[in-house]
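S.K.: A predicted structure for the sequence below; I have some questions about it.
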2 protein chains.
Amino acid sequence: MARLYDKYHSKMKKVADINHAIAVLSWDKEVNLPKDGAMHRSQQVATLAGLSHMEFTNKDFGLMLNRLDGMPSLSPAEKKNVSVTLDQYNKATKFSEAFVIRKSEIESAGYHAWLKAREANDYSIFKDALADLIELKKEEAEKLKYKEHPYDALLDQYEPGLTVSQLDPIFEGVKKDLKKLIKKIKKSKQVNNKFLKKKYEWNNQWEFGLDILENMGYDFNRGRQDLSAHPFTTSFSPMDVRVTTRVDENDFAYMLWSTIHEGGHALYEQGLPIEDYGLPTGSYLSLSIHESQSRLWENHVGRSKEYWSYWYPSLKTDFPKSLNKTDLNSFYKGINKISPNLIRTEADELHYHFHVLIRYEIEKGLMEGSIDTDNLDKVWNEKYKEYLGISAKDANQGILQDVHWGHGSIGYFPTYSLGSFYAAQFYAQAQKDIKKLNKKLSKGDTSQLLAWLRENVHQHGRRYESDELCNRITGESLNFDHFLKYASDKFLSVYK
Amino acid sequence: MARLYDKYHSKMKKVADINHAIAVLSWDKEVNLPKDGAMHRSQQVATLAGLSHMEFTNKDFGLMLNRLDGMPSLSPAEKKNVSVTLDQYNKATKFSEAFVIRKSEIESAGYHAWLKAREANDYSIFKDALADLIELKKEEAEKLKYKEHPYDALLDQYEPGLTVSQLDPIFEGVKKDLKKLIKKIKKSKQVNNKFLKKKYEWNNQWEFGLDILENMGYDFNRGRQDLSAHPFTTSFSPMDVRVTTRVDENDFAYMLWSTIHEGGHALYEQGLPIEDYGLPTGSYLSLSIHESQSRLWENHVGRSKEYWSYWYPSLKTDFPKSLNKTDLNSFYKGINKISPNLIRTEADELHYHFHVLIRYEIEKGLMEGSIDTDNLDKVWNEKYKEYLGISAKDANQGILQDVHWGHGSIGYFPTYSLGSFYAAQFYAQAQKDIKKLNKKLSKGDTSQLLAWLRENVHQHGRRYESDELCNRITGESLNFDHFLKYASDKFLSVYK
């Protein structure tokens, strides 16, 4: 019987090889592609995506999975792999070829409409394409099936099992408690972060970023850092996990915290079990758990006083002119400044979740039909006014700022907030489990934190579901209070 | 009927997409791969190679090709595409899956044995693997069939239609006439090229290489230059053709002429008709014709007095220290120095063909059984003594210097010499067809030469066979006399 499982694993490796080849082509597209190479590259990626889908949805493979499912001779991990794969197979085969083609056409049209709309800074250009995308997503949800809310079917694609009924109470916490905290902060003496916009030389930034990655435990024998318009992490196997960043000489924060963020993602990928290549147990669990790793490093480590008490002297040596009037304490406060702004990717740790909340409410509304794509830019602006107290002057600063909807990625945004909340809960546990973690960080020693993450998160891949993993690690399900406590402790000390 | 041809073209595009994805993965392997990423990358490439083979050798595709073959409604170019593809299909399907697997195992073992032997500088480590490779190649030749000589079946894989009976008289010319020319040169006053080994700063070399590529007409919107251990050109479509080079601060010649050489290959690929992507008419003709393009630029342009009369002032500006005592004439003579050495890739324009001749004689002998892999290192050294008057002190300087045999690439080497000879014949014609070509080059104007190559060679892809193309362009078949005349004119003037 083990032999059938081995055949299954071989097949999964083959599909993973194709998907990783797509990842190489996509990485190369962002990092290296000459100007005129885009058209053929897209076609090449599409061809491989078709082959991957064909291999994965092959009927014989379905029969194999059904034979393996529940087979008593399998180990628990093997059973988990088979059941996850069977679930993915059943979902993938719910779409007819005609539907898949139409889906990719509508998504492609959506993306190009979004690009055009961005260029013209005009939502009306994107509106009809977005309406088509929403219709498509409704159809998709019907095909995938759901129990309570059509949006659940979409959430599930990014975060298995996630539902509106789980998300609503969490975002209630954001709306109530986080709002209160921000109110308090607003009334306190404001902190200054102008030093971040001074000149930081390109080469020194680049080198500093590499040093930080190395210190985090990122293995350069199994990866590399490159430049791209938008930072991202990609994996071709745990032995080749690459990160990218962007360097702006007049905005030091951008390079640095995006590097730490992507570094956190990359450590997860480098820590997946190599022997399970191609299997669920060899892959990341979900987008939320992935984001928990990036956020944990970016915010809990990368914006902590302890870590900077180690790094700040080097930073001052590298950029003496721009930091000569800033001491560690001012630096620490500055990098934790709380202030509302219009752009999600530039938001601070607290306002960030209102950006996500707005997208969540709109997506949910669009899917249930309580919100319409007509005048959606106005709905957007009203929500920003309501939740952040500010409002975009144009579409590019507002509804057109994210590419996600253009790509048809609806149901993705909530995983960003969940990631932060999981990060807070995991980090609170790590603080309990690792003796004197803060002291270690203040000596630049991240090794035990990484070992803890490897042990508790990385090595398991998709062996458990998010909720299961969270309970194994912390003894309870996701609980927004951990984030709230972390945020209150930190920001009320920064703003005291 | 046109619709069946369109289906054929779609299928060919799909196969090309997979093959180009392999090319991206392979380029990335040479240019970017982190140390530990190699294992999974090889596996990913192997998976894609398997898919490509499976798609191409699919029985339905064979039926389609047979239906299309000779269909009267096809245009001549379409007929050519179908007949070339059918020929490739028939060859590809001659190998059983078991044979393909064994072949790839023996080739892989051969490569690793070669690597080990290189490391130990010991031919005996490679000997048995080479014997296995030769047995495999004999089997391959039997399967592929041949009329006169088993080696013909191998030659045909790199240069369609090429045979021993065509090659022998050409190499007779090398052995007789080229030897005579070299003898003459030896008796003349020797030229000095020591200035090439002075220090040439890395950055200035890199920039100079880019300037030369641009001047040749290489389109950076459709490609890029990177670094790799061994320079190469690769194409993902005519819209994305990449070159690599290597920069050695103490060996200026290496970077420069390898850049021009690869640039010549790349211009060919960038000049292929984009609308024929995936088809023979959208692909290079053969390895010899490919090499004719690189050699033409490298030697006929890149080592000409005219081209350097344009570039030499810039070169002196970039490297004033190393070139301050060298005038244009001495530079020109120095870069055309003729002197035997042991390493093929470092050989001058004339001795190069003796390096190839030696490999040709050995390969032919191995295939017909007149030479054995035992003591082949001694045979190698004897031939070097005979043809170049020098002999390797160790295996790495001798029989282990090239990777080709380790890869199972037997029948490849002769295309290097044919490429030079085609280059000379084509260039002689270009000199007739383009008014004042030399004067143009001395002004740095390569545009008409490139236009001539686009018109006569690039745009046709594999529309014609090599001999047909050569006749169309020059009115005769490949004729070694053109190379001999070029070489005599040039080198007897350098060595007068």
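M.R.: Nice, I can see it.
S.K.: who are the packing partners of the helix or strand encompassing A:Tyr312?
M.R.: Under the criterion of DSSP states H and E, A:Tyr312 resides in helix A:305-318. For helix A:305-318, the elements it packs on are helix A:202-216, helix A:328-334, helix A:437-442, judged by 3 or more C-beta pairs under 8 Å, 6 or more residues apart in numbering or on different chains; DSSP states H and E. All C-beta atoms are positioned from the backbone trio N, CA, C, and that covers glycine.
S.K.: give the contact list for A:Thr326.
M.R.: Shown in contact with A:Thr326 (C-beta atoms under 8 Å, 6 or more residues apart in numbering or on different chains): A:195, A:334.
S.K.: and the helix or strand following the helix holding A:Tyr312, what's buried?
M.R.: With elements assigned by DSSP H and E, the helix or strand that comes after helix A:305-318 is helix A:320-323. Residues of helix A:320-323 classed as buried: A:322-323 (neighbour count, 16 or more other C-beta atoms under 10 Å in any protein chain shown).
S.K.: same check on stretch A:37-46?
M.R.: Buried residues in stretch A:37-46, counted by 16+ other C-beta under 10 Å: A:37, A:40-41, A:43-45.
S.K.: quick check: the farthest pair among the residues you listed?
M.R.: A:Gly37 and A:Val45 (11.9 Å; C-beta to C-beta).
S.K.: quick revisit: which among the buried residues of stretch A:37-46 are in contact with chain B?
M.R.: Contacts with chain B are made by A:37, A:40-41, A:43-44 out of the buried residues of stretch A:37-46, judged by C-beta under 8 Å from any C-beta of the partner chain.
S.K.: go through those residues and name the one nearest A:Lys186.
M.R.: Among those, and counting by C-beta to C-beta, the member closest to A:Lys186 is A:Arg41, at 47.4 Å.
S.K.: how about A:Glu201: what's its closest non-neighbour residue?
M.R.: The spatial neighbour of A:Glu201 that comes closest, neighbours along the chain excluded (C-beta to C-beta, 6 or more residues apart in numbering or on different chains), is A:Glu249 at 6.7 Å.
S.K.: where's that neighbour, which helix or strand?
M.R.: A:Glu249 belongs to no helix or strand, assigned by DSSP H and E.
S.K.: what about the residue in the stretch 51-200 of chain A positioned nearest to chain B, how many residues nearby?
M.R.: Using C-beta to the nearest C-beta, the single residue of the stretch 51-200 of chain A nearest to chain B is A:Leu51, 6.0 Å away. Neighbourhood size, A:Leu51 [other C-beta atoms under 10 Å in any protein chain shown]: 25.
S.K.: from memory it sits against A:Val15, does it?
M.R.: No. Between A:Leu51 and A:Val15 there is no contact under C-beta atoms under 8 Å: 9.2 Å.
S.K.: report the contact partners of the residue nearest the centre of chain A.
M.R.: Nearest residue to the geometric centre of chain A (C-alpha atoms, centre = their mean): A:Glu291, 4.3 Å. With contact taken as C-beta under 8 Å, 6+ apart, A:Glu291 is in contact with A:415-416, A:418-420, A:422-423.
S.K.: stretch A:265-275: which residues count as buried?
M.R.: In stretch A:265-275, counting by 16+ other C-beta under 10 Å, buried: A:265-273.
S.K.: before we move on, what about stretch A:451-465?
M.R.: Result for stretch A:451-465 [16+ other C-beta under 10 Å]: buried residues A:452-454, A:456-458, A:460-465.
S.K.: stretch A:212-228 now?
M.R.: A:212-213, A:215-219, A:222-225, A:228.
S.K.: so of the ones next to chain B among the buried residues of stretch A:37-46, which ones are in helices?
M.R.: A:40-41, A:43-44 (DSSP state H).
S.K.: those residues of the stretch 51-200 of chain A touching chain B, which are they?
M.R.: So far as C-beta under 8 Å from any C-beta goes, the stretch 51-200 of chain A lies against chain B at A:Leu51.
S.K.: show the contacting residues for the residue in the stretch 351-496 of chain A that chain B sits nearest to.
M.R.: Closest approach between the stretch 351-496 of chain A and chain B, counting by C-beta to the nearest C-beta: A:Gly461, at 15.9 Å. Residues in contact with A:Gly461 (C-beta under 8 Å, 6+ apart) are A:272-273, A:276, A:279-285.
S.K.: give me the pLDDT for it.
M.R.: A:Gly461 is assigned a predicted lDDT (pLDDT) of 98.
S.K.: gap between it and A:Glu275?
M.R.: Using C-beta to C-beta, to the nearest Å, we find A:Gly461 at a distance of 11 Å from A:Glu275.
S.K.: overlap in contacts of these two?
M.R.: With C-beta under 8 Å, 6+ apart, A:Gly461 and A:Glu275 have common neighbours A:Gly282.
S.K.: now do the longest helix along chain A against helix B:2-31, angle only.
M.R.: Ranked by residue count and defined by DSSP H, the top helix of chain A is helix A:2-31. Here the directions of helix A:2-31 and helix B:2-31 differ by 80 degrees (axes from the mean of the first three to the mean of the last three C-alpha atoms, to 10 degrees).
S.K.: buried sites along helix A:2-31?
M.R.: Buried, per 16+ other C-beta under 10 Å, within helix A:2-31: A:5, A:8-9, A:11-31.
S.K.: do that helix and chain B meet at all?
M.R.: Yes. Judged by C-beta under 8 Å from any C-beta, helix A:2-31 comes into contact with chain B through A:13-14, A:17-18, A:20-21, A:24-25, A:28.
S.K.: which ones are touching the closest residue to A:Trp308 other than its chain neighbours?
M.R.: In this structure, A:Trp308 finds its nearest non-sequential neighbour in A:Tyr332, 5.7 Å apart by C-beta to C-beta, 6+ apart. Contacts for A:Tyr332 (C-beta under 8 Å, 6+ apart) come out as A:305, A:308, A:494.
S.K.: tell me the one of the residues of helix A:2-31 next to chain B nearest chain B?
M.R.: Among those, and counting by C-beta to the nearest C-beta, the member closest to chain B is A:Asp17, at 3.7 Å.
S.K.: excluding chain neighbours, what is closest to that closest one?
M.R.: B:Thr47 (3.7 Å).
S.K.: for the closest residue to A:Gly389 other than its chain neighbours, helix, strand, or coil?
M.R.: Nearest non-adjacent residue to A:Gly389, counting by C-beta to C-beta, 6+ apart: A:Pro340, 6.0 Å away. Look at A:Pro340: counting by DSSP: H, G, I helix; E, B strand; the rest coil, its state is coil.
S.K.: what residues are up against A:Pro340?
M.R.: A:347, A:351, A:354, A:388-390.
S.K.: returning to that earlier point: which positions in the helix holding A:Tyr312 come out as buried?
M.R.: In helix A:305-318, the ones that count as buried by 16+ other C-beta under 10 Å are A:305-312, A:315-316, A:318.
S.K.: in a markdown table: the residues you listed, plus distance to B:Glu363.
M.R.: What follows is the buried residues of helix A:305-318, written out as a markdown table (distance: C-beta to C-beta, whole Å):
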| residue | distance to B:Glu363 |
| --- | --- |
| A:Lys305 | 70 |
| A:Glu306 | 66 |
| A:Tyr307 | 62 |
| A:Trp308 | 65 |
| A:Ser309 | 67 |
| A:Tyr310 | 62 |
| A:Trp311 | 60 |
| A:Tyr312 | 65 |
| A:Leu315 | 61 |
| A:Lys316 | 65 |
| A:Asp318 | 58 |
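S.K.: chain B: which of the residues you listed is nearest?
M.R.: A:Asp318 (22.9 Å).
S.K.: per-residue confidence at that closest one?
M.R.: pLDDT, A:Asp318: 96.
S.K.: what's the answer for the one 4 residues further on, then?
M.R.: Looking at A:Ser322, its pLDDT stands at 96.
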